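*Asks:* predicted model, plus sequence, below.
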Amino acid sequence: MAQIARKMVEKTGIDVDKLVDMLIKNASAELTTFYYYTILRVNLIGLEGEGLKAITEDARIEDFNHFEALVPRIYELGGKLPRDMVDFHNISACPPAYLPDDPTDIQAMLKVLVNAERCAVAGYSAICDLTAGKDHRTYDLALAILHEEIEHEAWFAEFLGEGPSGHGGVRTQGYSPYTRRFLPGNH
């Protein structure tokens, strides 16, 4: 299967090795963000932190869903995930979303969260730019993830006081309304 999928994408003029590299690096960003958001969520305590917990949890679970949705396309195009988790972590398209030095500083926590989402938006925008009108399957997947990452960024930006985004609040946690159809068992 990887041969056919890869050949079809190559015929469009896309550098498939570059595309697979981008997909792997974004998959790494999704899985590592899931991990770091777990640590951030655990530390969201107190009156201010509790208000962010549900949104952070939604973004955390959806990031794991994004990882799950990306993996099949990586392999369809002849790619593979690194054998070693440390190597996988270190090639992430986005920097680690580390817990701030002062985990009680909610503004610092929000900046970590919003910056992680902004990096993801940039990564999926780049994949969409590369595949638009050429690799319909990868474009569709990247666009679905992009929609969710934009929502995550908007939620955190609103908490930072950057103004209203027009996006609603938390939905059923981890629902992934745009990416859901790409997840195993949700056909």
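*Replies:* All right, it came through fine.
*Asks:* and Val121, what does it touch?
*Replies:* Neighbour list for Val121: Leu146, Glu149, Ile150, Glu153 [criterion: Cβ atoms under 8 Å, 6 or more residues apart in numbering]. For every residue, glycine as well, the C-beta is placed using N, CA and C.
*Asks:* tell me how far the second one lies from Asp102.
*Replies:* I take that to be Glu149. 27 Å (Cβ to Cβ, to the nearest Å).
*Asks:* neighbour count for the two, which is higher?
*Replies:* More crowded of Glu149 and Asp102, by other Cβ atoms under 10 Å: Glu149, with 27 against 9.
*Asks:* and that one, what element?
*Replies:* helix 136-159 (DSSP states H and E).
*Asks:* shaky segments in this structure?
*Replies:* The chain contains residues with pLDDT under 70 at 1-2, 167-174, 186-187.
*Asks:* quick one on the thing from earlier: would you format the contacts of Val121 as JSON lines with distance to Gly166 included?
*Replies:* Shown next, in JSON lines, are those (distance: Cβ to Cβ, whole Å):
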{"residue": "Leu146", "distance to Gly166": "17"}
{"residue": "Glu149", "distance to Gly166": "16"}
{"residue": "Ile150", "distance to Gly166": "11"}
{"residue": "Glu153", "distance to Gly166": "13"}
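*Asks:* any idea which of the residues you listed has the most stuff around it?
*Replies:* Neighbour counts for these, by other Cβ under 10 Å, peak at Glu149, which reaches 27 neighbours.
*Asks:* mind listing what's buried in the longest helix anywhere in the chain?
*Replies:* Using DSSP state H, we find that the single longest helix of the chain is helix 46-76. Neighbour counts over helix 46-76 (16 or more other Cβ atoms under 10 Å) mark 49, 52-53, 55-71, 73-76 as buried.
*Asks:* which neighbouring elements make contact with it?
*Replies:* Packing contacts for helix 46-76, counted by 3 or more Cβ pairs under 8 Å, 6 or more residues apart in numbering; DSSP states H and E, involve helix 2-11, helix 16-42, helix 106-131, helix 136-159.
*Asks:* let me see the contact set for the nearest residue in space to Asp102 that is not next to it in sequence.
*Replies:* The shortest distance from Asp102 to any non-neighbouring residue, by Cβ to Cβ, 6 or more residues apart in numbering, is to Ala108 (6.4 Å). Counting by Cβ under 8 Å, 6+ apart, Ala108 touches Pro100, Asp101, Asp102.
*Asks:* does Ser176 really touch His152, like I thought?
*Replies:* No: with contact defined as Cβ atoms under 8 Å, Ser176 and His152 do not form a contacting pair (11.1 Å).
*Asks:* and for these two, which residues touch both?
*Replies:* Glu62.
*Asks:* with only the CA atoms kept, save stretch 39-48 in CSV.
*Replies:* In CSV, the C-alpha atoms belonging to stretch 39-48 read as follows (Å, rounded to 0.1, in the frame of the first residue of the first chain):
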residue,chain,number,x,y,z
ILE,A,39,1.8,17.6,33.8
LEU,A,40,0.3,21.1,33.3
ARG,A,41,-3.2,19.9,34.0
VAL,A,42,-2.2,18.2,37.2
ASN,A,43,-0.8,21.5,38.4
LEU,A,44,-3.9,23.6,37.5
ILE,A,45,-5.2,23.9,41.0
GLY,A,46,-6.9,26.7,43.0
LEU,A,47,-9.6,29.0,41.9
GLU,A,48,-7.8,30.2,38.7
